[in-house]
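Undergrad: Take a look and give me a structure for this.
(chains A and B)
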Amino acid sequence: MTHFIDIKGVHHAYKTKHGPLPVLDGLDVAVPKGEFCAVVGPSGCGKSTLTKLISGLMRPDRGAVILDGQEVTSPRKTVGMAFQNPVMLEWRTILQNVMLPLEIVAPGMKTAEAEARARHLLEMVGLKGFEHKKPSELSGGMRQRASLCRAIVHKPDVLIMDEPFGALDNFTREDLWQTMRDLRAAEPFTCVLITHDLRESVFLGDQVIVLSGRPARTQFVLNVDLPADRTIDILYEPKAVDMLHLLRDQIRIAQGRDGEMH
Amino acid sequence: MDSLQTIAVPLAAILAFLGLWEAIVWANGWPNYVMASPSDLPEAYARFWNLFLIMGWQTLWRTVLGLAIAVVFGTLLGMIMGFSKLAREALYPLLLGFNAIPKATLVPVLALLFIGQHDFNTVLMAFLISFFPIAVSVGIGLSTLEPEYRDILRALGASRFTIFRKIALPKTLPEFFGALKVAVTLAFIGTNLVEIVSPHGRGLGALFKSGETNGDYPLMFAVLIALAFLGIVLYYAVVALERIFAGWAERPAS
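TA: Numbers count the residues shown, from 1 in each chain, chains lettered A, B, ... in the order given. As a prediction, this is how the structure comes out:
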């Protein structure tokens, strides 16, 4: 079968003063349409580079990034992005922030229509009543919720998230995982999530890809065969715990510390 | 209570300052051809009020025009330096060097270049002295824009101009107004510099000069106070504009 996101044999190096710095060295990622792919790996292994490649902000030195059967050569309107820093525009209200991508992607869209779409999403993530607040009046978790709404307001077919919950406290993070799960049930998008958090990868992912240390290659792919309507409790069940152990071991290998920790 | 405080407290400080000034002149027994005191000023204003209005207007419009040109030029220069590393590296030393030149030395240069063009020279000086902080702050504001801000629109295929208009420009406004507050006082100094130094000048600077020529100390000090007043008005005009266009950057007091 063909995959919606197909990354094949990607090699990439950054140019630095001390010569080329290879970050990706044989990366393979395959995500079927509508699936959720979590990517984990040691710090600085090139995970963020992967987001830039899928979004078309960068092109790889070698290999191919294929989206919906087409090679990605430049940014496209069918992509949504969310970062660890929610990057809210402080001079706009939350509602206007969420509507921002529509101004670029669908400039002809009626304001009322765009507003209805944004309001609907804000309600889904629990921000009803905060539409006209300024970002500075919201907590970090709330800003991140708004940032998720902005990332999918234009109904992208790919959502790329780079550690969106990384800066939040544990309870807020778990709340947002559930919000993310609900958004997935309501909105059809294929998702790539970069994360440091193994529990997050198992709770949200349909597959978890472990990258090796820099330069990164695809080291391990875990198929998460848990039901779609997961609750946080599932993470404490034996099946999930086994997966977490497996991933933990893979990260250890990726860090080049196999044996050291045993 | 709040508005009372914002008006009454500075007013009290000004009155205290005038009182102290009066007391020092009185205690030293200085006659007003050595040092004028605040009580000499009302008479000077009463005698020359029409000159104050005419000259004050001259100084005001030249300053504002010079500043307006500085805003346009400074913003454009800042944009070039903000978006191009090459331009930044090329222009910074040049700008720093130019800014380090005492502007008084430029008065004779301009006077020779544009002989008799008094209005033009004055506006030009107000512009030359005030564009620097604007260019630097816009340049730094644009070049330090976090890449994520750019990427949320760039990933959607937005053009550079759209990113500038929707994100970079509004995000730089607080820095811009910070610089404008510095620039407005600088422009004012530039205007007065030319008015005082160049012969047959006009404006409040020229009025000061004529007070000096005639040994009229009360008039000289009356001009200084008028200049201070005009400077304050211009500054608060910028503050008002800032509230309108960049009020979002102000955090509510808590």
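
Undergrad: got a list of what A:S201 touches?
TA: Taking C-beta atoms under 8 Å, 6 or more residues apart in numbering or on different chains as the definition of contact, the neighbours of A:S201 are A:38-40, A:193, A:195, A:208, A:247. In this view, the C-beta of every residue, glycine as well, is placed from N, C-alpha and C.

Undergrad: if I read this right, B:A70 contacts B:M125, doesn't it?
TA: No. With contact defined as C-beta atoms under 8 Å, B:A70 and B:M125 do not form a contacting pair (10.8 Å).

Undergrad: ranges for the helices of chain B?
TA: The residue ranges that make up the helices of chain B, judged by DSSP state H, are B:2-28, B:41-83, B:85-100, B:106-113, B:118-143, B:147-154, B:160-163, B:169-197, B:204-213, B:217-246.

Undergrad: With mean pLDDT as extra columns, can I get those in a markdown table?
TA: Putting those into a markdown table (pLDDT from 0 to 100) gives the following:
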| stretch | mean pLDDT |
| --- | --- |
| helix B:2-28 | 90 |
| helix B:41-83 | 93 |
| helix B:85-100 | 90 |
| helix B:106-113 | 84 |
| helix B:118-143 | 91 |
| helix B:147-154 | 86 |
| helix B:160-163 | 86 |
| helix B:169-197 | 91 |
| helix B:204-213 | 90 |
| helix B:217-246 | 91 |
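
Undergrad: Relative to A:R252, which of those is closest?
TA: Minimum separation from A:R252 across those (C-beta to C-beta) falls at helix B:147-154, 30.9 Å.

Undergrad: Next, the buried residues of the closest one.
TA: For helix B:147-154, the buried set under the neighbour-count rule, 16 or more other C-beta atoms under 10 Å in any protein chain shown, comprises B:149-154.

Undergrad: can you list contacts of it?
TA: Outside helix B:147-154, the residues within contact range by C-beta under 8 Å, 6+ apart are A:55, A:57, A:75, A:81, A:83, A:85, A:87, A:89, A:100-101, A:104, A:150, B:162-163, B:166-168, B:171.

Undergrad: Over to stretch A:172-186?
TA: A:36, A:124-126, A:140-141, A:144-145, A:148, A:152, A:164-165, A:168, A:191, A:197, A:200, A:203-204, A:228-232.

Undergrad: Just these: which are in strands?
TA: With strands taken from DSSP state E, the overlap with those comprises A:36, A:191.

Undergrad: Among the contacts of stretch A:172-186, name the buried ones.
TA: Among those, those scoring as buried are A:36, A:124-125, A:141, A:144-145, A:148, A:152, A:164-165, A:168, A:191, A:197, A:200, A:203-204, A:230 (criterion: 16+ other C-beta under 10 Å).

Undergrad: residues from chain B in reach of chain A?
TA: For chain B, the residues in contact with chain A (C-beta under 8 Å from any C-beta of the partner chain) are B:146, B:148-149, B:151-158, B:162, B:166-167, B:170-171, B:173, B:246, B:248-249, B:251.

Undergrad: Surely B:M55 is in contact with B:I196?
TA: No. With contact taken as C-beta under 8 Å, B:M55 and B:I196 are classed as non-touching, separated by 11.9 Å.

Undergrad: Could you check which of these two has the larger neighbour count?
TA: Comparing B:M55 with B:I196 by neighbour count (other C-beta atoms under 10 Å in any protein chain shown), the higher total belongs to B:M55, at 23 against 19.

Undergrad: The more buried one and A:V98, how far apart?
TA: With the distance defined as C-beta to C-beta, to the nearest Å, B:M55 ends up 54 Å from A:V98.

Undergrad: Tell me which residues touch B:M220, please.
TA: Counting by C-beta under 8 Å, 6+ apart, B:M220 has contacts B:36, B:208, B:211-212.

Undergrad: Alright, calling it a day.
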